[in-house]
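Colleague: compute the structure for the input listed below.
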Amino acid sequence: MQVFKAFMKTEKHFLPVICVYFIIFCAIAFLATRFNIDSKDTAFQTTSLNIGIIDEDDSASSKALREYLGSLHTLTDLPFEKEILLDQLFYRNLDYILILPKDFEEQLLTKDSKTLFKTVQIPGIYSSAFIDEQVNAYLKTVKLYLAGGFPLTDSLQHTNEALLDSLNQVNVITPKDNGKKSSALTAIYYFYQFLPYVLLSMILCGLTPILTIFWEKNLTKRMSCSPTSLISRNLQLALGSILFCLSIWLLFILTSRIFYGAEMFSEKGLLCIANSFFVLPLGAAVSLIIGCFSPKGNAISMINNVFSLGMSFLCGIFVPQQMLGEQVLSISKYLPLYWYIKNNNLIAGFTEESFEINTYVKNIEIQFLFCVALFAVALVISKYKSAKHKE
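Modeller: Here you go, the predicted structure:
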């Protein structure tokens, strides 16, 4: 086991860098956890926004919609002049402008509700999507009552009553009831949201330099002269790599158990743990590929930053996937961490999809296939390098 012993001795030289990553991440996770648990804010709070409205129809339907929105937000009547509308949004006097055309009521009785109104809004603002959803929900409810045989006047009245009653009956989670459990689960989600970046960075910083050393041409030739076979050497290197990766992973699992207590071993906590395991073979495969090219000191750090940071931004670790553009998401689907974050969002409920174990397992399988493909690439490269060293 001489190769394995040499591996472990060499690993000691890279422990300070690994410890720095671990301490910084734990400090940030601890502060975030304390903030979540100690916060006295409620988990849900309705917000009144400033809405500009242009009612060209002035019908019973448009007035009913105005009444509904007026009960939730502050409404301002506006003329239909482009410069005024843009100025109001530019100076943030209004959050959203709703335009009801002249045939609004007629269209409501005959066509799909999605084409009934127009809007002027600031791109990328969540409040705009929030108001859009409220307007669409109102119009869809009216259409349901109309389809049920109610006359228009009764449909409008019942819609207002139903939607306002449902809003008043929303259960708000506070620290007095289930707040601590909710905070703990949210903290677990964020811990495992950022964990892949730290795991990859620690594995690449700790494993790649060692594999690079063992792939050095002269050292490879000297080891070829020893009685240790090539298979034995590779198995010992694999054993050292597995123990190194598992040690880091188990250290983070233990840390999360200390931070979040028994909630860490709840159903969602265990799903997060299982999901994080597949970051290990990903880091090992990438380290093996990089090590085959024998990069020097600073080059390893540069590759580590480009790979871990780049994939973290593209896949939704630092920026939520919901905020990424369609083009970015279409690219990130070809990266393994996209499916990791998708699973994490699925567990936390931060997605439109409801949690299903089949979807979770499918995303795990995709991560596993990425790892298999990367290991296959690494084996091809290593075989080529071995043949080249023999020349």
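Colleague: just the strands in the stretch 151-300 of the chain please.
Modeller: Counting by DSSP state E, counting those that start in this stretch, one finds no strands in the stretch 151-300 of the chain.
Colleague: any stretches of it with poor pLDDT?
Modeller: Where the stretch 151-300 of the chain drops to pLDDT under 70, the residues are 166-184, 215, 217-230, 297.
Colleague: tell me where it has helices.
Modeller: Secondary structure of the stretch 151-300 of the chain (DSSP state H, counting those that start in this stretch): helices located at 152-168, 179-214, 217-224, 230-260, 267-277, 279-292, 297-315.
Colleague: same list, these, but as CSV with mean neighbour count and distance to residue 146 please.
Modeller: (Each C-beta comes from the backbone N, C-alpha and C, glycine too.) Shown next, in CSV, are the helices of the stretch 151-300 of the chain (neighbours: other Cβ atoms under 10 Å; distance: least, Cβ to Cβ, whole Å):
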stretch, mean neighbour count, distance to residue 146
helix 152-168, 15, 5
helix 179-214, 21, 39
helix 217-224, 12, 78
helix 230-260, 17, 50
helix 267-277, 18, 41
helix 279-292, 23, 52
helix 297-315, 16, 45
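Colleague: and these: which comes nearest residue 29?
Modeller: helix 179-214 (5.3 Å; Cβ to Cβ).
Colleague: which strands and helices lie in contact with that closest one?
Modeller: Judged by 3 or more Cβ pairs under 8 Å, 6 or more residues apart in numbering; DSSP states H and E, helix 179-214 is in contact with helix 2-11, helix 15-38, helix 217-224, helix 230-260, helix 267-277, helix 279-292, helix 297-315, helix 336-348.
Colleague: rewinding a little: want to throw the helices of the stretch 151-300 of the chain into a markdown table with distance to residue 50?
Modeller: Listed next are the helices of the stretch 151-300 of the chain as a markdown table, based on distance: least, Cβ to Cβ, whole Å:
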| stretch | distance to residue 50 |
| --- | --- |
| helix 152-168 | 19 |
| helix 179-214 | 30 |
| helix 217-224 | 69 |
| helix 230-260 | 40 |
| helix 267-277 | 38 |
| helix 279-292 | 44 |
| helix 297-315 | 33 |
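Colleague: out of those helices, nearest to residue 128?
Modeller: In terms of Cβ to Cβ, the element of the helices of the stretch 151-300 of the chain nearest to residue 128 is helix 152-168, at 19.2 Å.
Colleague: list the contacts of the nearest residue to residue 266 once chain neighbours are set aside.
Modeller: Nearest residue to residue 266 in three dimensions, chain neighbours excluded: residue 185, at 7.7 Å (Cβ to Cβ, 6 or more residues apart in numbering). Neighbour list for residue 185: 263, 266, 268-269, 348 [criterion: Cβ atoms under 8 Å, 6 or more residues apart in numbering].
Colleague: ok, 10 Å please
Modeller: By Cβ atoms under 10 Å, 6 or more residues apart in numbering, residue 185 lies in contact with 36, 178, 260, 263, 266, 268-269, 272, 347-349.
Colleague: ok, so of those residues, who is nearest residue 106?
Modeller: Residue 106 lies nearest to residue 349 out of these, by Cβ to Cβ, at 40.2 Å.
Colleague: tell me the secondary structure for the closest residue to that closest one other than its chain neighbours?
Modeller: Sequence neighbours aside, residue 355 is the residue nearest to residue 349 in space, at 7.0 Å (criterion: Cβ to Cβ, 6+ apart). The three-state label given to residue 355 by DSSP: H, G, I helix; E, B strand; the rest coil is coil.
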